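Visitor: Return a 3D structure for these sequence lines:
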Amino acid sequence: MTDAFVSFAVQKLGDFLIQQVSLRKNLRKEVDSLRNELLFMQSFIREAEQKQSGDQRVQQWVFEINSIANDAVAILESFSFEAGKGDDDRFVSRLKACACICRKEKKLYNVAEEIQSLKQRIMDISRKRETYGIINIDSTNAGEGPSNQVRTMRRTTSYVDEQDNIFVGLQDVVEKLLAQLLKAEPRRSVISIHGMGGLGKTTLARNLYNSPNIVSSFPTRAWICVSQEYNTMDLLKNIIKSIQGRTKGTLDFLERMTESDLEIYLRDLLKEGKYLVVVDDVWQREAWESLKRAFPDSKKGSRVIITTRKHDVAERADNRGFVHNLRFLSQKESWDLFCRKQLDVRAMVPEMVRIAKDMVEKCRGLPLAIVVLSGLLSHKRGLDQWQKVKDHFWQNIQDDSIQISYILSLSYNDLSATLKQCFLYFGVFPEDQEVDAEKIILLWMAEGLIPNGEERMEDVAEGFLNELIRRSLIQEVRSFWEKVTVCKVHDLLRDLAVQKAFDIKFFDIYDPKKHSISSLCIRHVIHGQGERYLSLDLSHLKLRSIMFFDPDFRNMHLTNFSSVFRHIYVLYLDIGGYVMTDVIGSLYYLKLLSLRGVCNIPSSISNLKNLKTLLVDDHGGFSRLPQKTVDLINLRHLVAPYSEPLKCINKLTSLQVLKGIRCDQWKDVDPVDLVNLRELSMHDITESYSLYNISSLKNLSTLRLLCYADESFPSLEFVNSCQKLQKLRLRGKIKKLPLFPSSITMMVLWKSKLREDPMPILGMLPNLRNLELEEAYEGKEITCSDNNFSQLEFLRLHRLEMLETWHLAPSAMPHIKGLDIKYCPHLYHIPKRMQDVGITPFYTCSVIVEYFRR
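Guide: As a prediction, the model looks like this:
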């Protein structure tokens, strides 16, 4: 993928030349020259990404180009915005014509001067490319390559106690996987072990591989390590050598073979017996695809174990295989592992134990980090030295061993430049903080990290987040309706993100102890003592983002915002409490404004014509959005529980997401102009209001409607007119189910208190994949007839307290994968076909059946 910043900058420069047709010839020439330079460098970046260069010189060089591209966009947007101000007031413009000419001349001069400065920086980094030998990009490193380094680390990062050969922690996992390997299933199957770097996937596979039960059950065993750089012929040869040995005759024989010959030879070698092959460290699906033809299925119970960091590799290795997502160690397991690796635990005085436990806790259950830490402390003597290690925890681990930083960096280096920036952005959030998935996506968009193309930016950004999760760099915390809603980053990966961000000046975090922050970064993050930060001299900065995470901050003086922070795109305030002043209206370039702990937003917010996202969380109260909020014509996301109606909300024609609106605020809205609205959440609905005007929202795909207290819904017949509706959540009493559009894929009915069986109506929906019923039905029987629920994959039945019988026709629910039954005290039996489905956690695309209060 071409670098996002450079692509975006090249596009902006081209648009600028088209729009600003009256530009002076010299300035037009400068802009065009800068665009051409970036286009030239863009081809180099594309080559670097295609060859996945791990050379840090190249990575630094690429990020410096990104910085120039980013600054170029900021300069042009500032000029365009300033030049366009006041165009609507023609009379005033004429009166001030002379003054405007003078100011415009000055702006033109400033733009030309700044572009000259950017071109000078390009010349500087071009010289760096020659000075530091960044001429040809070679995907292989001199000397010991990545694959050899990884193999070396495989030998040195074992978490198996050599004396008693017991896997430290996760013994339950060992037993579960042994059962999968040894079960009486004649079909050759694949067991995939998936998880982030350093979790112990290889160690677990090695423990299984050497288990006495496995050795006696599989006469033929082989082990290969694939890694990022692989050669299929070499892999096939290594498997054959692992089986036949490395005699000179075998080696000479293999050298004369083609890849096709090797594949046929290996198949013949394996097809007569029962075999186990471990394919370790698979990064691409193509690597497995290139090998699997050589593993025959002779119906003798053969097995293949794959270890990988990537979720899609694990999931797609075998559509009937077993996937295990390796968990982190518990706190007790972590401490046990640390103590096993210590040379003399008895020598630790109580204070040393306390320090060690603090550091082990920071490892957050990552075995590799615990082993490296234990090895480091084994060579430190005395309380003072241990305290020094704790004071500089991450740096000490890196200094002592390249293993932890290298192994974690492997996943980072495998990312495209765009995904690298998205990953680094997680470093701005405080340690251990869970991150709202929607919020991180909107921040990426506001920062210009998401390329603007034919596909919706929100969809592209969601794909990026899912990719980071699939690569085990980000952890999913919660999901709903097949979308991740909350995520987090492991502490050590966050440290990695912060460190790399500092190195390339992607952002900086205010240090209250030093009372300093980098003047070279365009993003400032404040995790505490925000008032002290504002006392710094910030007048010379060109900031793009300000993010305050400070619950004690209650007295923010924004008087200097209009001058110091006038060019910021993102203002993120997560603070203890603050009443905002009119100065917010001077931040003309804001694209995202996120407010938590802020109330009484001033009417000057209407000046923010570039604002695309307004997020307000007032700790459960009701914000006071000014009426002039409806003047924010470019607003795409409005998420705010506001207390007073916004008249003429239909002026917000760019709006895509509207959350927090009350029913009595919606009743007078004419939504016919809200042609882009895709998601609507409305609360405090009562039976006395009509919701019919929702049917005008022709592009609505997600709808959440919540009744007030125990109220009933008014007529819901309008829902059938929303022909693009896919996700529907209804909380409140429903007297009669309406007809639903066939487009519905996911539905939640909560506290519906239905008297009639809802299954006949819901079962006819041809695209319904996910259905949740909670306190939704008060009858004793449900019936799922033949051919009903043809696409349903997940069914959740909660608190159906009168339900006794479930009739399921043979052809109903043919694709069911997940079943979750809770608090149904009289449902003693479920259909036999449902009992045959495996039992694993429901919300990770699997199945669980639980009975309570029997």
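
Visitor: Tell me which residue lies nearest the centroid of the protein.
Guide: Relative to the mean C-alpha position of the chain, the nearest C-alpha, by CA atoms, centre = their mean, is the one of residue 465, at 2.8 Å.

Visitor: ranges for the strands of the stretch 251-400 of the chain?
Guide: Along the stretch 251-400 of the chain, the segments classed as strands by DSSP state E, counting those that start in this stretch run 275-282, 303-308, 322-325.

Visitor: correct me, but the residue nearest to the centre of the chain touches residue 443?
Guide: No: if you go by CB atoms under 8 Å, residue 465 and residue 443 don't touch, sitting 11.2 Å apart. To be clear about C-beta, it is placed using only N, CA and C from the backbone, and glycine gets the same treatment.

Visitor: most neighbours per residue, which of the strands of the stretch 251-400 of the chain?
Guide: strand 303-308 (a mean of 26; mean count of other CB atoms under 10 Å).

Visitor: returning to that earlier point: nearest to residue 336 among the strands of the stretch 251-400 of the chain would be which one?
Guide: Nearest of the strands of the stretch 251-400 of the chain to residue 336, taken as CB to CB: strand 322-325 at 21.3 Å.

Visitor: Tell me where the model's unsure across the stretch 401-550 of the chain.
Guide: Applying pLDDT under 70 to the stretch 401-550 of the chain flags the ranges 401-408, 410-411.

Visitor: List the buried residues in stretch 420-429.
Guide: 420, 421, 422, 423, 424, 425, 426, 427, 428, 429 (16 or more other CB atoms under 10 Å).

Visitor: Could you do stretch 754-767 as well?
Guide: 754, 757, 758, 759, 761, 762, 763, 764, 765.

Visitor: can you tell me the distance between the two ends of that stretch?
Guide: 23 Å (CA to CA, to the nearest Å).

Visitor: ok, residues contacting that stretch?
Guide: Contact with stretch 754-767 is made by 734, 736-737, 739-740, 742-745, 747, 749, 752, 768, 771, 773, 776-779, 781-785, 788-791, 812, as judged by CB atoms under 8 Å, 6 or more residues apart in numbering.

Visitor: Need the distance between the two termini of stretch 671-685.
Guide: Stretch 671-685: ends 17 Å apart by CA to CA.

Visitor: one step back: mind putting the buried residues of stretch 420-429 into TSV with secondary structure?
Guide: Formatted as TSV, those follow (DSSP: H, G, I helix; E, B strand; the rest coil):
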residue	secondary structure
420	helix
421	helix
422	helix
423	helix
424	helix
425	helix
426	helix
427	helix
428	helix
429	coil
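
Visitor: what about the helices in the stretch 451-600 of the chain?
Guide: Ranges of helices within the stretch 451-600 of the chain are 457-470, 491-503, 530-534, 561-564, based on DSSP state H, counting those that start in this stretch.

Visitor: mind giving me CSV with these and columns for distance to residue 684?
Guide: Formatted as CSV, these follow (distance: least, CB to CB, whole Å):
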stretch, distance to residue 684
helix 457-470, 27
helix 491-503, 39
helix 530-534, 35
helix 561-564, 35
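
Visitor: Buried deepest among those helices, which one?
Guide: Among the helices of the stretch 451-600 of the chain, ranked by average contacts under mean count of other CB under 10 Å, first place goes to helix 491-503 (a mean of 21).

Visitor: ok now that helix, how far from the chain's centre?
Guide: Helix 491-503 sits 16 Å away from the centroid of its parent chain (CA atoms, centre = their mean, to the nearest Å).

Visitor: Closest one to residue 306 out of the buried residues of stretch 754-767, please.
Guide: Checking these against residue 306 with CB to CB, the nearest one is residue 765 at 37.0 Å.

Visitor: Domain-wise, how is this protein divided?
Guide: Here the domain parsing of the chain from automatic domain parsing is 4-131, 146-325, 331-406, 416-499, 745-854.

Visitor: looking at those, which has the lowest confidence?
Guide: For the domains of the chain, mean pLDDT drops lowest on domain 4-131, to a mean of 62.

Visitor: closest to residue 190 among the buried residues of stretch 420-429?
Guide: Residue 190 lies nearest to residue 423 out of these, by CB to CB, at 28.9 Å.

Visitor: wait, the closest one sits on residue 497?
Guide: Yes: using CB under 8 Å, residue 423 is in contact with residue 497, at 6.1 Å.

Visitor: measure residue 324 to residue 334 for me?
Guide: Residue 324 sits at a distance of 20 Å from residue 334 (criterion: CB to CB, to the nearest Å).

Visitor: Also residue 577?
Guide: With distances taken as CB to CB, residue 577 is found 38 Å from residue 334.

Visitor: Those two: who's more crowded?
Guide: For residue 577 versus residue 334, the count of surrounding residues by other CB atoms under 10 Å is larger for residue 334: 24 against 16.

Visitor: give me every residue that touches the more buried one.
Guide: Counting by CB under 8 Å, 6+ apart, residue 334 makes contact with 169, 360, 361, 363, 365, 370.

Visitor: measure the last one to residue 384 for me?
Guide: Distance from residue 370 to residue 384, counting by CB to CB: 22 Å.

Visitor: who has more neighbours, the two?
Guide: More crowded of residue 370 and residue 384, by other CB under 10 Å: residue 370, with 29 against 8.

Visitor: Now for residue 248, how many residues are close by?
Guide: 7.

Visitor: Provide the backbone phi and psi angles at it.
Guide: Here is the backbone geometry of residue 248 (degrees, to the nearest 10): phi -60, psi -40.

Visitor: Burial check on the residue lying closest to residue 660 once chain neighbours are set aside, number of neighbours?
Guide: Using CB to CB, 6 or more residues apart in numbering and skipping the chain neighbours, the partner closest in space to residue 660 is residue 641 (4.1 Å). Applying other CB under 10 Å, we find 18 residues neighbouring residue 641.
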